[in-house]
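Student: fold the following for me, if possible:
(one chain, ligands or ions: 1)
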Amino acid sequence: MKIIVAPSAGFCFGVKRAVNMALDAADKCRPLEKLNTLGPIIHNPQVVKSLEEKGVFPIDDVDCGCFDTLLIRSHGVKAEVMETLKSKGVKIIDATCPFVKKAQNYINEAALKGYFIIMVGDKNHPEVQSVISFAAKDRFLVINNLADLEKVPVSEKLALISQTTQDVDFYKLVIDEINKIAKGGAVVFDTICDATMIKQEESKAIASNVDVMIVVGGYNSANTNKLQNICKEIQPNTYHIETESEVNPEWFLNAKSVGITAGASTPDWIIERVLKKVRDIDEAGLKRFA
Ligand code: SF4
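Tutor: Prediction:
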């Protein structure tokens, strides 16, 4: 069976940077200082567990007073939370991805110029919450589907921004629709990051050329879920898994080729284990006896 692994599968630049900063800090701070991350460092339970084994636990409550140093993850944090932390004199390690910072700065600038902000993304996602917190109060709308377009205040001066992991085609569609309905059109910020675009393009190309597609990553990872949706539309035999233990030999019964891609928060060691499991199934001929 031919096995194709997407070259971009796994940690993106921002996640790699945040995890390395957390590992570095764990070595420097522990055991004398208590180091925590604000929320899970990334949306991957296996990586969160490996940091916990080093004594670095996620917390949600910045008022708990239970830490010496707090690491801000790649999604960033709401503007008001950062202000609170600074005012309390908390030692902060800021691992906000530079692409997310760029989006925060865009919104800040657009808000100061009086724009009403439309953000395309999942309103419950921590990155969206951190970025949109830079908009002026009641001067923004987060949309996640075309039906939400009817809520757009079409007479306003509009600025359009996207979650960094948004589906490129969907963002283009929203831009087109808003330009049709908004009286003065919209200023558009290009905030889908390169890592996301490359991953999506590679995954699409692989899914179009294989019999089975495997997407590896946390079930709570937005970008992994996006990849799985994109691949499933092209190849219905697409399976989203978190670890190699979920690989089912029955998937490969009539398969001549399999593709593997992975979200931005999936570590290399999990991808390698999945690859090994698929190879083992193929070499042992288990697929014929499943
Ligand atoms: S997906 Fe892009 S924006 Fe998000 S953390 Fe990775 S590099 Fe940064």
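
Student: spell out which parts of the stretch 151-290 of the chain neighbour the ligand.
Tutor: Contact residues, the stretch 151-290 of the chain versus the ligand (CB under 6 Å from any ligand atom): 164-165, 193, 195-196, 264. Every C-beta, even on glycine, is put in place using the N, C-alpha and C of the backbone.

Student: could I get those residues as TSV with pLDDT and secondary structure?
Tutor: Below are these laid out as TSV (pLDDT from 0 to 100; DSSP: H, G, I helix; E, B strand; the rest coil):
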residue	pLDDT	secondary structure
Thr164	93	coil
Thr165	86	coil
Cys193	91	coil
Ala195	89	helix
Thr196	87	helix
Ala264	91	coil
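
Student: need the buried ones from these selected in PyMOL.
Tutor: Entered in PyMOL, the line below selects the buried ones among those, by 16 or more other CB atoms under 10 Å:
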select buried, resi 164+165+193+195+196+264
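
Student: now the strands: where do they sit in the chain?
Tutor: 2-5, 35-38, 57-59, 69-72, 91-94, 116-120, 140-143, 158-162, 186-188, 212-216, 238-241, 257-262 (DSSP state E).

Student: low pLDDT regions in the stretch 1-150 of the chain?
Tutor: Across the stretch 1-150 of the chain, the ranges flagged by pLDDT under 70 are 30.

Student: residue ranges of the helices in it, please?
Tutor: 13-29, 45-52, 79-87, 98-112, 126-132 (DSSP state H, counting those that start in this stretch).

Student: which of these sits most buried?
Tutor: Of all the helices of the stretch 1-150 of the chain, helix 126-132 has the most neighbours on average by mean count of other CB atoms under 10 Å, namely a mean of 24.

Student: how much space between Ala262 and Ser162?
Tutor: According to CB to CB, to the nearest Å, Ala262 stands 22 Å off from Ser162.

Student: meant to ask about Asn124
Tutor: Per CB to CB, Asn124 is found 16 Å from Ser162.

Student: between the two, who's got more neighbours?
Tutor: It is Ser162, of Asn124 and Ser162, that has more neighbours when counted by other CB atoms under 10 Å, with 27 against 10.

Student: return the set of residues that bridge with that one.
Tutor: Val120 (DSSP bridges).

Student: pretty sure it is touching Thr196, no?
Tutor: No: with contact defined as CB atoms under 8 Å, Ser162 does not count as touching Thr196 (9.7 Å).

Student: leaving out sequence neighbours, find the closest residue to the residue of the chain at minimum distance from the ligand.
Tutor: With CB to the nearest ligand atom as the measure, Gly14 is the residue of the chain nearest to the ligand, at 2.5 Å. Spatial nearest neighbour of Gly14, chain neighbours left out: Cys97 (3.0 Å); criterion: CB to CB, 6 or more residues apart in numbering.

Student: check His240 too.
Tutor: Computed as CB to CB, 6+ apart, the closest residue to His240 that is not its neighbour in sequence is Gln228, at 4.2 Å.

Student: what sits against Gly14?
Tutor: 74, 97-100, 193, 195, 264 (CB atoms under 8 Å, 6 or more residues apart in numbering).
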